[in-house]
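K.L.:
Pasting a predicted model and its sequence here:
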Amino acid sequence: MTKKPNSTSQIPDWLKWAREIQALAQTGLTFAQSEYEVLRNKRLLELAAEITSQYGNLSPDDLLNNFSAQPGYATPKIDVRGAVIREGELLLVQECTDKRWAMPGGWADVGESPAEMVVREVREESGFIVRPLKVVGIYDANRSGRPMQFYHAYKIIFLCELIGGRARPSNETLDVGFFPFDQLPPLSQNRTNEMHLGELRAHLTDPDRKTAFD
């Protein structure tokens, strides 16, 4: 396996503290056995919301509602991306949110395997049907392109074979296209960045290359 260097230098201290407080409170509420424990952990959620609101210029009430809606033991969220190559060109979709481009993908849904998720996401966002071939990399998304995302997340990038379909944008994407690696449009860095593409190109050059991971 290819081990990638990991750095938290992009993450401000206030975000690390607020994220940990929120996770501790969420887990604490899950296992609370007394009213005192419930109240204490709800107060911790309020503190996490206040910190994030102060430094992130966000509504504390909206943050608290969001934090309170996260049930169960706190674990990282999962983002999947499909790397699809056609005649040496990479499939990208233009995101509605920032008008920039990324490999098709998104948050994982409960009930699907990772491979099923990437097939669905590629089809929904681009119109193409693919078959997953291998995992290019598994990344800590907060340390590589998504430093300001509050919830901790992992990113899984699959190399996929194109087997059908046609280009079709969705309610989340504005456009779909294949691009040469040296002529890429502006990237949506929190979804797809140069580190991900560098690893992908290494796998295309060396089919026996091991999965990269943080």
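P.N.:
In hand now; what should we look at? Numbers count the residues shown, from 1 in each chain.
K.L.:
Bridge partners for the residue nearest in space to the middle of the chain, pull those for me.
P.N.:
What sits nearest the mean C-alpha location of the chain, by Cα atoms, centre = their mean, is residue 79, with 3.5 Å. For residue 79, the beta-bridge partners are residue 107, residue 155 (DSSP bridges).
K.L.:
Quick check: which helices or strands does the longest helix along the chain pack against?
P.N.:
Selection of the longest helix in the chain by residue count, based on DSSP state H, yields helix 35-56. Packing partners of helix 35-56 (3 or more Cβ pairs under 8 Å, 6 or more residues apart in numbering; DSSP states H and E): helix 13-31, helix 60-68. (C-beta placed from N, C-alpha, C; glycine too.)
K.L.:
one step back: wouldn't the residue nearest to the centre of the chain be in contact with residue 108 here?
P.N.:
Yes. With contact defined as Cβ atoms under 8 Å, residue 79 counts as touching residue 108 (7.2 Å).
K.L.:
returning to what we had before: for the longest helix of the chain, list the C-alpha coordinates in PDB.
P.N.:
What follows is helix 35-56, C-alpha atoms only, in PDB (Å, rounded to 0.1, in the frame of the first residue of the first chain):
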ATOM      1  CA  GLU A  35     -31.000  13.800  32.900                       C
ATOM      2  CA  TYR A  36     -27.800  15.300  34.200                       C
ATOM      3  CA  GLU A  37     -25.800  13.600  31.400                       C
ATOM      4  CA  VAL A  38     -28.300  14.700  28.800                       C
ATOM      5  CA  LEU A  39     -28.100  18.300  29.900                       C
ATOM      6  CA  ARG A  40     -24.400  18.300  30.100                       C
ATOM      7  CA  ASN A  41     -23.900  17.000  26.600                       C
ATOM      8  CA  LYS A  42     -26.600  19.400  25.200                       C
ATOM      9  CA  ARG A  43     -24.500  22.200  26.700                       C
ATOM     10  CA  LEU A  44     -21.400  20.900  25.000                       C
ATOM     11  CA  LEU A  45     -23.300  21.000  21.700                       C
ATOM     12  CA  GLU A  46     -24.200  24.600  22.400                       C
ATOM     13  CA  LEU A  47     -20.600  25.400  23.000                       C
ATOM     14  CA  ALA A  48     -19.500  23.700  19.800                       C
ATOM     15  CA  ALA A  49     -22.100  25.800  17.900                       C
ATOM     16  CA  GLU A  50     -21.000  29.000  19.600                       C
ATOM     17  CA  ILE A  51     -17.400  28.400  18.700                       C
ATOM     18  CA  THR A  52     -18.200  27.600  15.100                       C
ATOM     19  CA  SER A  53     -20.500  30.500  14.800                       C
ATOM     20  CA  GLN A  54     -18.000  33.000  16.300                       C
ATOM     21  CA  TYR A  55     -15.200  32.000  13.900                       C
ATOM     22  CA  GLY A  56     -17.200  30.700  10.900                       C
END
